[in-house]
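K.L.:
With the input below, show me the fold.
(chains A and B)
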Amino acid sequence: MNNPHVHLLLNHVPTIGTVIAFGLLILSFIRRDEGLKRVSLEVFFVIAVLTLPAYITGVGTEFTFETNDSISKELMARHHDAALIASVFMLLTGITSWLALWQWRRLARFRTGSLACVVLLSAITLALMGRAANMGGEIRHPEILDPNVPAAVVSPAWLSASAIKALVSGATWVWPTSEALHFIGLWLLFGILLIANLRLMGLMRGIPFSAVHRLLPWAVLGLVLNTVTGMGWVLAAANQYVENYSFFWKIGLLLLAQLNLLYITVFEGPWKVGANVDSPILQRTFAVTAVGLWIGVMYFGRMLPFLGNAF
Amino acid sequence: MDFILRLEQSGFASWVREGGTLWSYPAILFCHTIGLATLSGLNAGIDLRLLGFARRIPLAPLRTLFPLMWFAFAITAASGSALLIADMSARLHSPIFYVKLAFVALALVTMQLIKRTVFNRKDIDDSALPSQARLLAVMSIFFWIAATTAGRLMAYLGPVSGLD
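P.N.:
The predicted model follows:
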């Protein structure tokens, strides 16, 4: 297994996943089915989470073939730029879906405005992902390219992979600033989720879980800060991350930890843990596991230079 | 100065620095990260509550977090001291290191002030928040952000550590 293998496995998830989730969401409007709306937003969140490794392995694939002359650098760069802008919109779709689910849990109904945002963003994501996937296919099938059609402009110049790479590694202030933001995001995310999970473990029993639930968007803010700054580094210094065994584990544990975040956001179990009520053993186990996973994410992040080859 | 050099050349300091195992420098650095994440993160949760988010969280149960935050501080301070000894002359010549220490001290004082003015009241959940609560919460968040930023900048400003 190497980056190209994993990328070929994962690269269908953002495209086909968005098609399915989008279809489910439209169907839920036709059927006026609240449960189906919830499912489609959950699928959007999971697809957004899985887009991260799809993107990272893509960067790894480009890195692997950097010195391989039989593959067009130009086509790879075009695919990368298209995938970058599509991933940005996928991230926005994921955040909006999460917020809509969080609101639904609190209000027991969906807000029309939030659903409209998800529809709009996911439609844009769908189009952009389809284009990125198409350009990815052309890398190995240049014979299907029409020579009479000029190469399309993929994204605004400032949002191209090379522009971001130049910004992050070029301007001296960007890397230290992203590090400070990454650490602030780290404690915001960890602290809020620690309070939530400690409550589920049985500490602070006087607090109903639904009250702690109100703070979860702050944890997501930390997560978004860290995803954005982290991806900036992957773009700027791919060689330090994409073949780094510690980074592989960090991202793997991160995926599981994010699923736990979805669980405590929408599922019935944690929500029903009222004041002075003990949560069942399964939830306590989940809570301990979640804290362990986030600690693991930090461990393998810290070990990037020691277990792996970063810096 | 002589004392600093002797400390820096001590067996413990060279083990931290050059131990070459995951249990020396990397593990201590990791303890520092976990400690600061817990300390600043739990503080941030309390601050956000005092700022008016999640008003439905009763304050009394949050008292449980204070011993936990002091425990996290102990881990951060112990690991931080080990990292300091390993690289003492560079750190002590770096102004940003003192800036960081000052912000940590201010943040800890603010945390204790929050404990005293907000959490040490008998009728904690039956009366309105004291008027200073919001200001203290803003100060707390600001000091932790400043301490974190200064800590990160230590790798960029002043003499760079000889580690690695």
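K.L.:
Residue 93: neighbour count?
P.N.:
As the question left the chain open, I've gone with chain A. Applying other Cβ atoms under 10 Å in any protein chain shown, we find 30 residues neighbouring residue A:93. For the C-beta atoms, the positions are set from N, CA and C on the backbone; glycine is no exception.
K.L.:
Chain B is the one I meant
P.N.:
Residues near residue B:93, counting by other Cβ under 10 Å: 11.
K.L.:
Residue B:153 too?
P.N.:
Neighbours around residue B:153, by other Cβ under 10 Å: 19.
K.L.:
Could you measure from the residue in chain B positioned nearest to chain A over to residue B:26?
P.N.:
Closest contact between chain B and chain A, by Cβ to the nearest Cβ, is at residue B:41 (1.8 Å). Plainly put, residue B:41 is 22 Å away from residue B:26 if you go by Cβ to Cβ, to the nearest Å.
K.L.:
before we move on, what about residue A:228?
P.N.:
26 Å.
K.L.:
now residue A:16
P.N.:
40 Å.
K.L.:
Looking at stretch B:105-122 now, give me its mean pLDDT.
P.N.:
Across stretch B:105-122, pLDDT averages out at 96.
K.L.:
end to end, how far does it reach?
P.N.:
28 Å (Cα to Cα, to the nearest Å).
K.L.:
Buried residues in stretch A:45-64, which are they?
P.N.:
A:45-62, A:64 (16 or more other Cβ atoms under 10 Å in any protein chain shown).
K.L.:
between residue A:16 and residue B:26, which one's more packed in?
P.N.:
Ranked by neighbour count (other Cβ under 10 Å), residue A:16 and residue B:26 place residue B:26 first, with 17 against 13.
K.L.:
What distance do you get for that one to residue B:133?
P.N.:
Residue B:26 is 40 Å from residue B:133, by Cβ to Cβ.
K.L.:
what's the answer for residue B:67, then?
P.N.:
Residue B:67 is 21 Å from residue B:133, by Cβ to Cβ.
K.L.:
Where does the residue nearest to residue B:150 when sequence neighbours are not counted fall, secondary structure wise?
P.N.:
Closest residue in space to residue B:150, ignoring its immediate chain neighbours: residue B:100 at 3.8 Å, by Cβ to Cβ, 6 or more residues apart in numbering or on different chains. Applying DSSP states H and E as the criterion places residue B:100 in helix B:95-114.
K.L.:
Would you mind giving me the confidence score for residue 31?
P.N.:
Just going to use chain A. 97.
K.L.:
Can you look at chain B instead?
P.N.:
The per-residue pLDDT of residue B:31 was computed as 97.
K.L.:
which residues of chain A score low on pLDDT?
P.N.:
A:1, A:150, A:311 (pLDDT under 70).
K.L.:
Without its sequence neighbours, what residue ends up closest to the residue in the stretch 101-250 of chain A positioned nearest to chain B?
P.N.:
Residue of the stretch 101-250 of chain A nearest chain B, by Cβ to the nearest Cβ: residue A:191 (1.8 Å). Leaving out its chain neighbours, the residue that sits closest to residue A:191 by Cβ to Cβ, 6+ apart is residue B:41, at 1.8 Å.
K.L.:
thinking the one you found is in contact with residue A:192, fair?
P.N.:
Yes - between residue B:41 and residue A:192 there is a contact at 6.8 Å, judged by Cβ atoms under 8 Å.
K.L.:
residues from the stretch 201-311 of chain A in reach of chain B?
P.N.:
Contact residues (Cβ under 8 Å from any Cβ of the partner chain) of the stretch 201-311 of chain A with chain B: A:203-208, A:210-212, A:214-215, A:218, A:275, A:295, A:298-299, A:302-303, A:305-307, A:311.
K.L.:
Is the residue in chain B sticking out farthest from the centre part of a helix or strand, or is it coil?
P.N.:
Using Cα atoms, centre = their mean, the residue of chain B lying farthest from its centre is residue B:126. It sits 31.6 Å away. What DSSP: H, G, I helix; E, B strand; the rest coil gives for residue B:126 is coil.
K.L.:
Helices of the chain, start to end?
P.N.:
Since no chain was named, I'll use chain A. Assigned by DSSP state H, chain A shows helices spanning A:3-10, A:12-31, A:34-64, A:73-107, A:112-140, A:161-170, A:174-201, A:209-213, A:216-236, A:238-241, A:245-266, A:268-271, A:281-302.
K.L.:
You answered for a different chain; I wanted chain B.
P.N.:
B:2-8, B:11-18, B:25-50, B:65-86, B:88-92, B:95-114, B:133-153.
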